[in-house]
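# After the sequence you'll find the predicted model.
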Amino acid sequence: SMASCATEWITSGSNVMLFAAALHSSYRLFKVSFASTSLQDHRAPSLGLFLLGISAALCIFHPSSSYPSSIQREAEWAVEVLAPALVSFDLLWLSEDHNTAHILLFGSCLLLGLYDWLSADTLTVITRCLGLSSLSCCLTVCLFAGNAFGALGGVALSLPLFVASSMRTNSFAPLISGAAAEGVLKWLLKVSMSVGCWASTQALHKFLLDVTDRHNIAI
């Protein structure tokens with residue numbers, strides 16, 4: 001139908017946008033990491049945003065069979081968990097809270113490993129709890145550092161984790177059809193993550209400069 005075709009085009013377009021934004025941000029962070037002579041670089045978020053871009057690229061296409069579609073959904077969920085966690089990990093690491101950074105990273109990896117062992121409801125609850133933990137770490141660090149870009153990036157990257165799967169088809173009903181509502185909501189979430197990529201990159205650059213300045217002053 002026309003509505004289904006339009007929804008697919010909207011979704012594909014939003015994935016192309018996220019693919020470009022995530023890979024560009026990942027490359028910018030990787031360049032800083034490559035040029036850095038200290039351990040205070042951005043390899044973790046660079047990897048997270050790179051995986052986010054690859055996942056978006058996989059989701060550009062709409063396979064007819066169920067197996068590739070399930071792979072797409074699993075990859076999408078995995079990077080939605082991992083990308084904001086890796087950005088928060090870097091902010092925690094730069095602020096020298098290494099223990100919390102390790103706990104957050106371990107929790108994220110553990111959740112990915114338990115994906116096939118948990119029921120859908122349990123997975124949703126734990127995913128939201130982890131997303132809230134990651135976002136709380138990000139907002140706490142950015143609040144004390146006065147880093148507005150970091151707060152914006154954290155919220156924008158974490159937003160998909162707080163959207164219930166049941167709402168994905170019902171949020172805009174009965175104004176528009178379920179398929180169209182899902183397409184619009186996916187587009188909004190992809191735009192949010194694209195903004196999150198840009199804002200997080202700006203925040204990490206600023207944070208690293210502030211840390212470097214403090215280190216130089218201390219010396």
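Nice, thanks for sending it over.
# residue boundaries of the helices in this protein?
Using DSSP state H, the helices of the chain run over residues 2-35, 43-58, 66-94, 98-113, 120-145, 148-158, 178-218.
# With mean neighbour count and mean pLDDT added, can I get the ones you listed in JSON lines?
For the C-beta atoms, the positions are set from N, CA and C on the backbone; glycine is no exception. What follows is these, written out as JSON lines (neighbours: other CB atoms under 10 Å; pLDDT from 0 to 100):
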{"stretch": "helix 2-35", "mean neighbour count": "17", "mean pLDDT": "82"}
{"stretch": "helix 43-58", "mean neighbour count": "22", "mean pLDDT": "92"}
{"stretch": "helix 66-94", "mean neighbour count": "21", "mean pLDDT": "89"}
{"stretch": "helix 98-113", "mean neighbour count": "16", "mean pLDDT": "93"}
{"stretch": "helix 120-145", "mean neighbour count": "17", "mean pLDDT": "92"}
{"stretch": "helix 148-158", "mean neighbour count": "23", "mean pLDDT": "94"}
{"stretch": "helix 178-218", "mean neighbour count": "18", "mean pLDDT": "80"}
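# check contacts around residue 60.
Contacts for residue 60 (CB atoms under 8 Å, 6 or more residues apart in numbering) come out as 12, 15, 16, 19.
# Quick check: chain neighbours aside, which residue is closest to the last one?
Distances taken as CB to CB, 6 or more residues apart in numbering put residue 56 closest to residue 19, at 4.1 Å, once the chain neighbours are dropped.
# and the one you found, how far is that from residue 142?
25 Å (CB to CB, to the nearest Å).
# ok now do the closest residue to residue 131 other than its chain neighbours, which residues does it touch?
In space, and not counting its chain neighbours, residue 131 is closest to residue 161: 3.3 Å by CB to CB, 6+ apart. By CB under 8 Å, 6+ apart, residue 161 lies in contact with 80, 81, 84, 127, 128, 130, 131.
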